[in-house]
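A.B. asks: Okay, sequence plus prediction incoming.
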Amino acid sequence: MNVLLIGSGGREHAIALSTSRSSLLSKLFLIPGNPGTEQLGENVNIDFKDQPAVTAFCFEKNIEFVIIGPEQPLVDGLSDYLRASGIKVFGPDKAAAEIESSKSFAKQLMQKYNIPTASFSEFNKEDYEKAVEYVKSSSLPLVIKADGLAAGKGVLICNSLNEALTGLENIFVNSEFGDAGNKIIIEEFMTGEEASIFAVTDGENFVLLPSAQDHKRIGNNDTGKNTGGMGAYAPAPIITDELLKVIETAIIKPTIDALTSEGRAFIGCLYCGLMITETGPKVVEFNCRFGDPETQAVLPLLDGDILKLFYSAADGHLDESSVKYSGGTAICVVAASKGYPDGYEKGFEITGLNLDDKNIVIYHAGTKRSGNKIVTNGGRVIGVTATIPEGDLKKAKEKAYSALSSIKFNGIYFRSDIADKGINRHS
Ligand code: AMP
Ligand code: GLY
């Protein structure tokens with residue numbers, strides 16, 4: 001079949017690479033794709049916000065299946081639009097995607113169905129004074145979250161009353177997060193280690209992919225500003241088989257069932273961000289799509305046919321046997337532009353991208369072709385993934401960093417401690 005993949009990041013490069021190996025695939029198209037996906041399919045320059053144009057393109061190219069990578073088109077209802085035209089889609093419709101686009105919806109769903117998460121209260125912009133009173137009477141630290149999508153920036157961890165009050169003022173008075181901050185959640189601060197679990201589901205049955213751990217902060221030892229993710233490894237040793245069983249029965253299954261009972265059946269990848277606390281796993285957030293950069297570490301660990309898995313989910317008959325965990329280990333280290341997540345310069349030539357090592361994949365994210373060169377074009381520029389067949393995270397880390405050392409661009413920045421938490425847990 002002809003398949004269309006929406007998106008342009010490292011996550012989409014990883015999905016494209018796995019999809020390109022499927023025996024079901026005739027031709028892969030990408031809107032818009034990136035220089036890394038050029039060898040895997042045809043990059044097409046259509047604005048994916050233009051839903052009629054995307055649909056018309058599917059008819060023109062005889063595309064019967066669309067995979068949607070990022071959250072924004074899902075939240076905007078691209079799946080709904082394509083499905084209404086008879087095209088199969090991997091990715092939830094707008095109503096199910098609310099699990100990511102409205103933290104208030106997600107928290108209320110969890111409360112209603114007893115899914116473990118931090119306790120919370122919510123406030124609208126008009127309730128500014130009430131929110132102030134609430135934080136004054138709360139214990140610290142506390143967490144303030146914008147209800148809507150805020151590109152990963154809408155979360156404030158407040159260690160002092162002053163920070164919390166300034167946060168409220170910035171959100172409600174100075175509209176720091178725009179309309180995304182018209183409503184906020186104030187929640188209990190959870191202590192523990194984080195992990196990400198991906199469930200591929202048809203709305204009823206699901207397959208859990210190997211667990212992963214992201215590194216959200218810009219600096220080593222989880223210091224500095226939050227980013228889109230500076231690296232990931234999989235599987236995450238903190239997620240033991242026993243813990244995974246708990247996560248599956250107390251969190252994943254009840255959430256998928258809850259969405260279906262609410263008339264919002266979720267078809268696609270449900271991303272569950274967890275805090276492993278002393279009292280067990282609790283949900284930090286749900287996303288309505290694969291994580292980035294976790295996907296770049298998780299997909300290389302799957303044997304089988306991922307397109308078959310995705311298509312079967314979209315078709316409503318999940319084929320649970322289409323992929324299985326290889327038993328290996330993978331680590332993805334993100335190389336970013338100096339200055340990210342704040343301002344940075346673009347347009348620097350990237351060299352050393354043609355590594356010839358079957359254990360290494362360089363995923364493109366913020367890159368662009370400029371003549372016969374590849375240049376930087378974003379904050380997170382590339383992700384270098386090393387995959388090894390055994391469970392030796394330390395060895396995988398050494399391989400990834402050794403590959404990264406031969407890649408150069410002006411202002412290259414990366415964390416040097418990706419996977420250390422997992423390595424230390426083993427030793
Ligand atoms: P979110 O966008 O909800 O995933 O939040 C971004 C990051 O903020 C998470 O990955 C956590 O590191 C942190 N965070 C969010 N909520 C909490 C919480 N209730 N307790 C502790 N940390 C949190
Ligand atoms: N890696 C975090 C995210 O994809 O939201």
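C.D. replies: Received the coordinates, thanks. Ligands and ions are numbered 1, 2, ... in the order given.

A.B. asks: The stretch 51-200 of the chain: helices as residue ranges?
C.D. replies: Assigned by DSSP state H, counting those that start in this stretch, the helices in the stretch 51-200 of the chain fall at 51-60, 71-75, 78-84, 94-101, 103-112, 128-136, 161-168.

A.B. asks: same question, the stretch 201-350 of the chain
C.D. replies: Using DSSP H, counting those that start in this stretch, helices in the stretch 201-350 of the chain cover 241-247, 253-261, 294-298, 306-314.

A.B. asks: mind listing what the residue nearest to residue 376 when sequence neighbours are not counted touches?
C.D. replies: Distance criterion CB to CB, 6 or more residues apart in numbering; nearest residue to residue 376, sequence neighbours excluded, is residue 348 at 4.7 Å. Every C-beta, even on glycine, is put in place using the N, C-alpha and C of the backbone. Under the criterion of CB atoms under 8 Å, 6 or more residues apart in numbering, the neighbours of residue 348 are 337, 375-376, 409-411.

A.B. asks: any idea how far residue 348 lies from residue 338?
C.D. replies: Between residue 348 and residue 338 the computed distance is 10 Å (CB to CB, to the nearest Å).

A.B. asks: Which neighbours do these two have in common?
C.D. replies: Shared contacts of residue 348 and residue 338, counting by CB under 8 Å, 6+ apart, come down to 410-411.

A.B. asks: what does the stretch 101-250 of the chain have sitting close to ligand 2?
C.D. replies: Listed as neighbours of ligand 2 in the stretch 101-250 of the chain under the rule CB under 6 Å from any ligand atom: 214, 229.

A.B. asks: And the residue of the stretch 101-250 of the chain that's closest to ligand 2?
C.D. replies: Closest approach between the stretch 101-250 of the chain and ligand 2, counting by CB to the nearest ligand atom: residue 229, at 3.7 Å.

A.B. asks: okay, now residue 21: neighbour count?
C.D. replies: Applying other CB atoms under 10 Å, we find 12 other residues in the vicinity of residue 21.

A.B. asks: Pretty sure residue 80 sits against residue 91.
C.D. replies: No. With contacts counted by CB atoms under 8 Å, residue 80 stays clear of residue 91, the gap being 10.2 Å.

A.B. asks: Of these two, which one has the most company?
C.D. replies: residue 91 (29 against 17).

A.B. asks: got a list of what that one touches?
C.D. replies: Applying CB under 8 Å, 6+ apart to residue 91 gives the contacts 66-68, 73-74, 78-79, 97, 267-269, 288-289.

A.B. asks: And residue 92, by the same measure?
C.D. replies: Residues in contact with residue 92 (CB under 8 Å, 6+ apart) are 74, 79, 99, 264, 266-268, 288.

A.B. asks: And these, which two are furthest apart?
C.D. replies: Spatially, the most separated pair among the contacts of residue 92 is 79 and 99, at 13.5 Å (CB to CB).

A.B. asks: Pick out whichever of the two has more residues nearby.
C.D. replies: Taking neighbours as other CB under 10 Å, residue 79 and residue 99 compare with residue 79 leading, 28 against 25.

A.B. asks: can you tell me which residue is nearest the centre of the protein?
C.D. replies: For the chain, the residue nearest the mean C-alpha position is residue 291 (1.6 Å; CA atoms, centre = their mean).

A.B. asks: Starting from ligand 1, give me the distance back to that residue.
C.D. replies: Going from residue 291 to ligand 1 by CB to the nearest ligand atom, to the nearest Å gives 10 Å.

A.B. asks: And residue 223, by the same measure?
C.D. replies: Using CB to the nearest ligand atom, one gets 12 Å for the distance from residue 223 to ligand 1.

A.B. asks: for residue 116, same thing?
C.D. replies: 12 Å.

A.B. asks: Run a quick neighbour tally on that residue.
C.D. replies: Neighbour count of residue 116, defined by other CB under 10 Å: 18.

A.B. asks: Look up the closest residue to it, ignoring the ones flanking it.
C.D. replies: That would be residue 282: by CB to CB, 6+ apart, it lies 4.5 Å from residue 116.

A.B. asks: Now pLDDT and distance to ligand 1 too, for the contacts of residue 91, in JSON lines please.
C.D. replies: Formatted as JSON lines, the contacts of residue 91 follow (pLDDT from 0 to 100; distance: CB to the nearest ligand atom, whole Å):
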{"residue": "66", "pLDDT": "98", "distance to ligand 1": "26"}
{"residue": "67", "pLDDT": "98", "distance to ligand 1": "23"}
{"residue": "68", "pLDDT": "98", "distance to ligand 1": "20"}
{"residue": "73", "pLDDT": "98", "distance to ligand 1": "19"}
{"residue": "74", "pLDDT": "98", "distance to ligand 1": "16"}
{"residue": "78", "pLDDT": "98", "distance to ligand 1": "22"}
{"residue": "79", "pLDDT": "98", "distance to ligand 1": "22"}
{"residue": "97", "pLDDT": "98", "distance to ligand 1": "15"}
{"residue": "267", "pLDDT": "98", "distance to ligand 1": "22"}
{"residue": "268", "pLDDT": "98", "distance to ligand 1": "18"}
{"residue": "269", "pLDDT": "98", "distance to ligand 1": "16"}
{"residue": "288", "pLDDT": "98", "distance to ligand 1": "13"}
{"residue": "289", "pLDDT": "98", "distance to ligand 1": "14"}
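
A.B. asks: All the strands of the stretch 151-300 of the chain, residue numbers only.
C.D. replies: Under the criterion DSSP state E, counting those that start in this stretch, the stretch 151-300 of the chain carries strands at the ranges 155-158, 183-188, 193-201, 206-208, 213-214, 217-219, 223-226, 231-234, 268-277, 280-287.

A.B. asks: Nearest to residue 123 among those strands would be which one?
C.D. replies: Proximity to residue 123, assessed across the strands of the stretch 151-300 of the chain by CB to CB, is greatest for strand 183-188 (5.5 Å).

A.B. asks: Return the angle between stretch directions for that closest one and strand 280-287.
C.D. replies: Orientation check (axes from the mean of the first three to the mean of the last three CA atoms, to 10 degrees): strand 183-188 against strand 280-287 gives 160 degrees.

A.B. asks: Report all helices and strands that strand 183-188 contacts.
C.D. replies: Packing partners of strand 183-188 (3 or more CB pairs under 8 Å, 6 or more residues apart in numbering; DSSP states H and E): helix 103-112, strand 120-124, helix 128-136, strand 142-146.
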